[in-house]
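> sequence unavailable; structure follows:
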């Protein structure tokens, strides 16, 4: 019976190693960009090129696993303080096993991209390179708060949105084009990714300080970081609700306004219930922010379908 459970245990370890909230974020991002593409590009409909969607999802999820995996391999001692539940820090996965996963997760999307042309290859290489530079010496961008937060914003906000959408545009029409909705989504997600990047370090102050990782939370304290993140998110939500309906003709205005004002209300409601000094309370708030990140892509896709 134990042998029969082994594949399930490995699946659970791999799921935890890939950081589920980031994997879900990547999945929702890619699927939503596909839905926008088949909706706004003429002559296409939901269900076109499902194989291409699946391949893009696999490649994006592999890049995701590579990035978070490299971070765990280089931060074992820090994670034993900040995130002792992660597989390597908890002893559920050996460093050698983690390295094997990271190598496969890095090679697989690159091989897939090489069959798709220069654009796809460039996007995958950019994601892998930024992810490696974030964690690996001698660069190790995570030591420096501004480059660290900008690198996360670059991958989530620009490489994923523009790279993935351009790929869908090329495969569906043979031409590289970016819909206005995707430009707006990118402008929204860049500050959103910045907020996620600085918020993720708030509960990790103890370990980061001990190992000289000078995050904004270590340098400024948690309260100023939370205020900056909330300001960035609030401005982004209000801008999409107020300006989006006038410049995004292909999207449903009622869906845009309702989704963004509703999400903003949920954000502030969650913040009002959060005790920043409590790791458990703040982690719950941080997960709400991630859920709102998922919701943003779903909202834009729904607005495209309803437009």
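Noted; the coordinates are in hand. All figures in this text were calculated on a predicted structure; none of them were measured in a lab.

> residue 134: helix or strand, and which one exactly?
If you go by DSSP states H and E, residue 134 is part of helix 118-135.

> which helices and strands sit right next to that helix?
Contacts of helix 118-135 with other secondary structure elements, assessed using 3 or more C-beta pairs under 8 Å, 6 or more residues apart in numbering; DSSP states H and E, are made with helix 50-74, helix 95-114, helix 145-153, helix 164-173. C-beta: built from backbone N, CA, C; applies to glycine.

> closest one to residue 228 among these?
Set against residue 228 and scored by C-beta to C-beta, those come closest in helix 145-153, at 10.1 Å.

> state the mean pLDDT of the closest one.
Across helix 145-153, the average pLDDT comes to 83.

> identify the residues contacting it?
Contacts of helix 145-153 with the rest of the structure, by C-beta atoms under 8 Å, 6 or more residues apart in numbering, involve 130, 133-134, 141-142, 190-191, 193-194, 196-198, 214-216, 219.

> of the residues you listed, closest to residue 157?
Distance from residue 157 was checked for each of these by C-beta to C-beta. The minimum falls on residue 190, at 3.6 Å.

> can you give me the distance of the closest one to residue 149?
Counting by C-beta to C-beta, to the nearest Å, the gap from residue 190 to residue 149 is 11 Å.

> try residue 25
Between residue 25 and residue 149 the distance, using C-beta to C-beta, works out to 16 Å.

> just say helix, strand or coil for the nearest residue to residue 90 once chain neighbours are set aside.
Among residues not flanking residue 90 along the chain, residue 84 sits closest, at 6.1 Å (C-beta to C-beta, 6 or more residues apart in numbering). The three-state label given to residue 84 by DSSP: H, G, I helix; E, B strand; the rest coil is coil.

> so for residue 5, what's the pLDDT?
Per-residue confidence (pLDDT) for residue 5: 54.

> and residue 213, what pLDDT?
What the model reports as pLDDT for residue 213 is 84.

> so who does the spatially closest residue to residue 65 that is not a sequence neighbour touch?
With C-beta to C-beta, 6+ apart as the criterion, residue 65 has its nearest non-adjacent residue at 4.1 Å, and that residue is residue 105. Applying C-beta under 8 Å, 6+ apart, we find residue 105 in contact with 62, 63, 65, 66, 69.

> kindly report the same for residue 60.
26, 29, 30, 109, 160, 164.

> switch the cut-off to 10 Å
23, 26-27, 29-30, 33, 109, 123-124, 127, 159-160, 163-164 (C-beta atoms under 10 Å, 6 or more residues apart in numbering).
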